[in-house]
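>>> Return atomic coordinates for the entry below.
(chains A and B)
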2 protein chains.
Amino acid sequence: MGKPKVLIIGSGGVGTISALSLTHNNKSEVTLIVRSDYELIKNQGYSIDSCTYGKLKNWKPHNLAKSVDDALEKYGPFDYILLTTKNIPDGPITCEEIIEPALKTGKEVIILLQNGINIEQPMIEKFPQNLILSGVSLIGSTYYNGHVENKGLDSVFLGDFKNPPIHPESQDKINEFISIYHNPGLNDIKQDPNVQKTRWEKLIYNSAFNTVTALVNLDVTRIQINNANEEIILPAMKEVIAIAKSVGIECDESKIEKFLHIGDGFFYSPSMCIDARKNQLMELEIILGNPIRIAKENNVNVPVLNVIYSLLKMVQFRLKEERKMFIIDPKDFKGNSNDYPKIFEEKYVHNK
Amino acid sequence: MGKPKVLIIGSGGVGTISALSLTHNNKSEVTLIVRSDYELIKNQGYSIDSCTYGKLKNWKPHNLAKSVDDALEKYGPFDYILLTTKNIPDGPITCEEIIEPALKTGKEVIILLQNGINIEQPMIEKFPQNLILSGVSLIGSTYYNGHVENKGLDSVFLGDFKNPPIHPESQDKINEFISIYHNPGLNDIKQDPNVQKTRWEKLIYNSAFNTVTALVNLDVTRIQINNANEEIILPAMKEVIAIAKSVGIECDESKIEKFLHIGDGFFYSPSMCIDARKNQLMELEIILGNPIRIAKENNVNVPVLNVIYSLLKMVQFRLKEERKMFIIDPKDFKGNSNDYPKIFEEKYVHNK
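Got it, this is the predicted structure:
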């Protein structure tokens, strides 16, 4: 039996360093999909400046592919599909649609190394035969135009979405992936027996800081100058913890104090803020929409998150319109405004 | 005794049509201050397209002045000062500072033809000897580059901020101003015995639609497509009515239904939205800040408005920084973020 084959979909800051970790370890065959910058990377490779791997020039994983179809044909079938793209279920393509062409044997292990809550549910529904694992990444890494700036240790929490796991091979696959990924001293990957809790705890930060900075187009330090911690971030974080509790997850309350101050003085702009600034769609539904839906189902009172979500849905609508995902025809919206949401849903969303 | 002299400060859509109404009536001597477009208006006058006054070319009021000082010197002292500027107490210049150079006799009647709540308080404190009247304008009028587009009837509600009035000349001056302003069939001006109620009722619209559209950068129809009426506008409107009630003002509840639908199908962008879009400061404090402060004082629960206000303060901060009202020095914000609001207040606001 040869080395396990890993396909990485998503070649941003997270995906490239994952490819580096796996390639460096060299116990797997690594295929990375590079879409828009394919020619650049094929010719020059990546330049990487990593806090642990050092400065690399012209670096490439074992295989590069232009598309998932291309990858499967040349280098598949795969044992692991590591998904590191943004997760935007309301975008032009869902993660299920992205992954689908890579699946051949039904035995592929799908690892969602992505933010957010309930991201596994549409995956499990669509691909019930595959083992789907949850990865939470705590890396600091950005990609731009062939260059990767990796300032924070690549640290992955890996586990089964279900605890205890229901898939018979779950533990074996987690062990294997950790063994092919782990480079002691250079990165960190560990099994997380309660990866849902880790997700919710990461969400304490993301649901508050990502969302508010995206709405007002200011970095974390600047919103803190405006007393955001007290007025809006802390109440929002407490609401996230209350939602988690309603699904049986007791977040460590000390995370609040930690996350309130984790960015002190860094003038850091979270990803949703950067996306909104660049007129790119935001990971709104998996960071805020899904938690809000859980809150509604479980009758958890989340007044601050509700307002933030309502506002950000409008921003996402604007981004979609700017990206020509639809073109509003004023003739469709002439009568009583109570009818507009339904008209939009029927004419613009269902018939897209 | 000659005609009363009226100084109009603010030559936007409202101020120019006020100047037209007064000049047309011709029972007063009208001086209009034109700042940035002074040369243009001095040479060419205004072109006006009015739903009642018709199309006018090269139109000018009796007098034009470049500045308040200039106006006082050439055409003062004045009997009436009609203030139609935006009211941005946190901007580079307050309305009190704008008016101050026009005051000479202590007998000037100051008419605040502006939006918002509690705008009279700093005026009364600063100029206790002057009679200060409240005007609420329901005009549809925009000014751009020498041209005025006046689509909605100039309609003014005029009254004493205090009800019953405390200034002995209040009723006489209201009568006189109405007589010099009113052009039957062309405009509408009436005494409003409860002008504070009229202000609060206008605020039902402004505190909700102005603010939300400014935050998400979408017109009214587009936020309605996103179900804003139900999710955020209606709850915000109810909170405004509750604040008004706490100061003894019972708004007509039917205004809610009226204002929810007043813009149906018009794809209209309210002034705060336009200001934010143009990177201009918004009338945030008099439209939302002052009502919120009243709510706090009177223990009125306004969860939706609180979140909107908190977010818009951050947007206003960004607009101020973009306009170089201050330049953030990262060295000032290095330690615990709990201290940032105080540091900002002390170093950047007090020492401006």
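
>>> OK, contacts around the residue positioned nearest the centre of chain A?
Closest to where the C-alpha atoms of chain A average out (Cα atoms, centre = their mean) is residue A:114, at 3.0 Å. Going by Cβ atoms under 8 Å, 6 or more residues apart in numbering or on different chains, residue A:114 touches A:83-87, A:95, A:135, A:286. (Glycine included, C-beta is placed from N, CA and C.)

>>> The same query, at a cut-off of 10 Å, please.
With contact set as Cβ atoms under 10 Å, 6 or more residues apart in numbering or on different chains, residue A:114 has these partners: A:10, A:14, A:83-87, A:95, A:120, A:134-137, A:199, A:283, A:286.

>>> And the pLDDT for it?
If you check residue A:114, the pLDDT there is 97.

>>> Give me the neighbour count for the nearest residue to residue A:140 once chain neighbours are set aside.
Using Cβ to Cβ, 6 or more residues apart in numbering or on different chains and skipping the chain neighbours, the partner closest in space to residue A:140 is residue A:152 (2.6 Å). Neighbour count of residue A:152, defined by other Cβ atoms under 10 Å in any protein chain shown: 15.

>>> Averaged pLDDT, the strand or helix carrying residue A:199. What do you get?
Using DSSP states H and E, residue A:199 sits in helix A:195-205. Across helix A:195-205, pLDDT averages out at 95.

>>> ok, is the longest helix along chain A in contact with chain B or not?
Using DSSP state H to define each element, chain A has its longest helix at helix A:303-322. Yes: contact of helix A:303-322 with chain B (Cβ under 10 Å from any Cβ of the partner chain) involves A:303-318, A:321.

>>> Enumerate every residue touching the residue nearest to residue A:100 when sequence neighbours are not counted.
What sits nearest to residue A:100 in space, not counting adjacent residues and going by Cβ to Cβ, 6+ apart, is residue A:126, at 7.5 Å. The contact partners of residue A:126, taken as Cβ under 10 Å, 6+ apart, are A:94-97, A:99-100, A:103, A:132.

>>> Narrow those to those in strands?
Among the contacts of residue A:126, DSSP state E puts residue A:132 in strands.

>>> And the contacts of residue A:126, which is closest to chain B?
Using Cβ to the nearest Cβ, the shortest approach to chain B within those belongs to residue A:94, at 21.0 Å.

>>> burial of that closest one, as a residue count?
The burial count for residue A:94: 16, using other Cβ under 10 Å.

>>> mind listing what's buried in the helix or strand hosting residue A:344?
If you go by DSSP H and E, residue A:344 is part of helix A:340-344. Neighbour-count burial for helix A:340-344, counted by 16 or more other Cβ atoms under 10 Å in any protein chain shown, picks out A:340-341, A:344.

>>> repeat for stretch A:111-124
Buried, per 16+ other Cβ under 10 Å, within stretch A:111-124: A:111-120, A:123.

>>> And stretch A:144-153, by the same measure?
A:146, A:148, A:150, A:153.

>>> quick one: it to chain centroid distance?
Centroid displacement of stretch A:144-153 relative to its chain, using Cα atoms, centre = their mean, to the nearest Å, is 17 Å.

>>> now the strands for the stretch 101-250 of chain A?
For the stretch 101-250 of chain A, the strands defined by DSSP state E, counting those that start in this stretch cover A:109-113, A:131-137, A:140-144, A:147-152, A:154-160, A:187-191.

>>> In TSV, list those strands along with distance to residue A:41.
TSV is the format used below for these (distance: least, Cβ to Cβ, whole Å):
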stretch	distance to residue A:41
strand A:109-113	20
strand A:131-137	21
strand A:140-144	10
strand A:147-152	11
strand A:154-160	19
strand A:187-191	21
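
>>> Would you single out the least confident of those?
Lowest mean pLDDT within the strands of the stretch 101-250 of chain A: strand A:140-144, a mean of 90.

>>> Can you tell me what sits against that one?
A:10-18, A:20, A:37, A:46, A:48, A:50-51, A:148-155, A:268, A:271, A:274.

>>> Sort out which of those are buried, if you could.
Buried members of the contacts of strand A:140-144, scored by 16+ other Cβ under 10 Å, are A:10-18, A:20, A:46, A:48, A:50, A:148, A:150, A:153-154, A:271, A:274.

>>> Go back to those residues and keep what's next to chain B.
Counting by Cβ under 10 Å from any Cβ, nothing from the buried ones among the contacts of strand A:140-144 sits close to chain B.

>>> Restricted to helices, list these.
Among the buried ones among the contacts of strand A:140-144, the ones falling in helices (DSSP H) are A:13-18, A:20, A:271, A:274.

>>> Among the residues you listed, give me the pair with the biggest separation.
Within these, A:20 and A:274 form the most distant pair, 22.5 Å apart (Cβ to Cβ).

>>> what is the residue nearest to residue A:124 when sequence neighbours are not counted paired to in the beta sheet?
Among residues not flanking residue A:124 along the chain, residue A:132 sits closest, at 5.9 Å (Cβ to Cβ, 6+ apart). Beta-bridge partners recorded for residue A:132 (DSSP bridges): residue A:110.

>>> Can you tell me which of the buried residues of helix A:340-344 is nearest residue A:259?
Of all those, residue A:341 has the smallest distance to residue A:259: 33.9 Å, by Cβ to Cβ.

>>> Return the residues in contact with the closest one.
Per Cβ under 10 Å, 6+ apart, neighbours of residue A:341: B:224-231.

>>> what about 6 Å?
Residue A:341 sits next to residue B:227 when contact means Cβ atoms under 6 Å, 6 or more residues apart in numbering or on different chains.

>>> That one and residue B:205, how far apart?
Applying Cβ to Cβ, to the nearest Å, the value for residue A:341 to residue B:205 is 20 Å.

>>> One more: residue A:52?
56 Å.

>>> where does chain A have low pLDDT?
A:1, A:350-352 (pLDDT under 70).

>>> residues from it in reach of chain B?
Within chain A, the positions near chain B by Cβ under 6 Å from any Cβ of the partner chain are A:215-216, A:218, A:221, A:223-227, A:231-232, A:261, A:264-265, A:303-304, A:307, A:310-311, A:313-315, A:317-318, A:333-334, A:337, A:340-341, A:344.

>>> Could you rerun that using 7 Å?
A:215-218, A:221-229, A:231-232, A:261, A:264-265, A:267, A:303-304, A:307-308, A:310-311, A:313-315, A:317-318, A:330, A:333-338, A:340-341, A:344 (Cβ under 7 Å from any Cβ of the partner chain).

>>> A ChimeraX selection for those, restricted to the buried ones, would help me check which they are.
Per 16+ other Cβ under 10 Å, the buried members of the residues of chain A next to chain B correspond to this ChimeraX selection:
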select /A:215,216,217,218,221,222,223,224,225,226,227,228,229,231,232,264,265,303,304,307,308,310,311,313,314,315,317,318,333,337,340,341,344
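
>>> From the rest of the structure, what touches the helix holding residue A:199?
Applying Cβ atoms under 7 Å, 6 or more residues apart in numbering or on different chains, the contact partners of helix A:195-205 are A:115, A:117, A:134, A:136, A:157, A:159, A:161, A:163, A:192, A:237, A:240-241, A:244, A:249, A:251-252, A:255-256, A:259, A:287, A:291.
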